[in-house]
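In: need a 3D model of the following:
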Amino acid sequence: KTVLAVTGMATPPALLGELQEAWHKNTFDQFLIDDLTHRVRRALVRSGDLGSIVVGRIDRPSPEIKRLRIDVTPGAPVTGREIRFTGNVVLDSARLLSEIQRAGVEVEAWLDRSVAERVLRDVYVEEGFLKVAVAGQPQAVDGTTGVLQFDITEGPRAQITGLGFAGVGATRETAVEKAAGLSTPAPFLAATVRDALGRVEDWYRSQGFNAADIEADPVAAPDDTVTVTFVIAEGAQQVLNTVELAGNDLTNRKVLTEALHFELGTPVDLDEWTRARKRLYDTSVFRLVDIQQIG
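Out: Numbering: from 1, shown residues only. Below you'll find the predicted structure:
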């Protein structure tokens, strides 16, 4: 028989049910203790009890009974919780708080400051602040409000000062650079680099390089300048040689060719093939349309 005993707090029925359900999902005793005590700590934070001490242990009051005891020493009661930031200039506090909420660690941060520190550092790095420092402070109480403060040193924002394109054919380098759409100098933003990478990938697909492998490799220097190199393995260019039609027993070939809009000798643009397939469906003539590469 298993027994769950929680002392030092009034255990809401919903929490008790959660603990009992979690017991069934933990095989090893130490995992069980860690999981259930963590759930109790999280519930206490949500209810406005900060700094509680929660200790779990398993004992056997008799050979037939296995008991998990969770002893709670209450902390400081508060009427609300507030996460505050100092030192942030470029990214305002509302943005930082929203990122913590979006990551789902708003409560967890009160139990382990490092989880929020990682989230905040990642946000700043995405915005180009490669040397940001984030330090969470111990919990405090301001009046009746619990306060969790993070001190931030943003540092300089890195700048893209150089671009490179490795593996690009000489006749295509100008077009690829134009497709990337990056100019220098510019703030180093991870989203900007990802967008540029997407544009280069789109350009290669439109030119029939459907097996091209493309990566963006940003390298930061000690002076916070960044060189972004697009490393490209182009692969073979596919060109449309012939168009064969099958299954159009009742439909005039001209109807299909006009809907397809395919031109022989042009690069194989698979996105255009998808649009061509839709145009055939839009004629309301066909139940099934499949476009396949041959060769």
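In: quick one: the strands in this structure, in order.
Out: Using DSSP state E, the strands of the chain run over residues 2-7, 49-50, 53-62, 65-73, 76-77, 80-86, 133-136, 140-142, 145-153, 159-166, 186-187, 213-220, 225-233.
In: could I get these as JSON lines with mean neighbour count and distance to L19?
Out: Where you see a C-beta, it was placed from the backbone N, CA and C, and this is true even at glycine. Output for the strands of the chain, formatted as JSON lines (neighbours: other CB atoms under 10 Å; distance: least, CB to CB, whole Å):
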{"stretch": "strand 2-7", "mean neighbour count": "13", "distance to L19": "6"}
{"stretch": "strand 49-50", "mean neighbour count": "18", "distance to L19": "17"}
{"stretch": "strand 53-62", "mean neighbour count": "13", "distance to L19": "10"}
{"stretch": "strand 65-73", "mean neighbour count": "16", "distance to L19": "8"}
{"stretch": "strand 76-77", "mean neighbour count": "14", "distance to L19": "22"}
{"stretch": "strand 80-86", "mean neighbour count": "15", "distance to L19": "23"}
{"stretch": "strand 133-136", "mean neighbour count": "18", "distance to L19": "28"}
{"stretch": "strand 140-142", "mean neighbour count": "13", "distance to L19": "28"}
{"stretch": "strand 145-153", "mean neighbour count": "18", "distance to L19": "24"}
{"stretch": "strand 159-166", "mean neighbour count": "16", "distance to L19": "51"}
{"stretch": "strand 186-187", "mean neighbour count": "14", "distance to L19": "48"}
{"stretch": "strand 213-220", "mean neighbour count": "14", "distance to L19": "46"}
{"stretch": "strand 225-233", "mean neighbour count": "18", "distance to L19": "49"}
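In: of those, which is nearest R194?
Out: Counting by CB to CB, R194 lies closest to strand 213-220 out of the strands of the chain; the figure is 7.5 Å.
In: how many residues are close by V200?
Out: If you count neighbours by other CB atoms under 10 Å, V200 ends up with 24.
In: who are the contact partners of it?
Out: 176, 179-180, 214, 230, 232 (CB atoms under 8 Å, 6 or more residues apart in numbering).
In: how about JSON lines for the strands of the chain, with distance to A14 added?
Out: Formatted as JSON lines, the strands of the chain follow (distance: least, CB to CB, whole Å):
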{"stretch": "strand 2-7", "distance to A14": "13"}
{"stretch": "strand 49-50", "distance to A14": "16"}
{"stretch": "strand 53-62", "distance to A14": "18"}
{"stretch": "strand 65-73", "distance to A14": "16"}
{"stretch": "strand 76-77", "distance to A14": "20"}
{"stretch": "strand 80-86", "distance to A14": "20"}
{"stretch": "strand 133-136", "distance to A14": "29"}
{"stretch": "strand 140-142", "distance to A14": "27"}
{"stretch": "strand 145-153", "distance to A14": "22"}
{"stretch": "strand 159-166", "distance to A14": "51"}
{"stretch": "strand 186-187", "distance to A14": "47"}
{"stretch": "strand 213-220", "distance to A14": "47"}
{"stretch": "strand 225-233", "distance to A14": "50"}
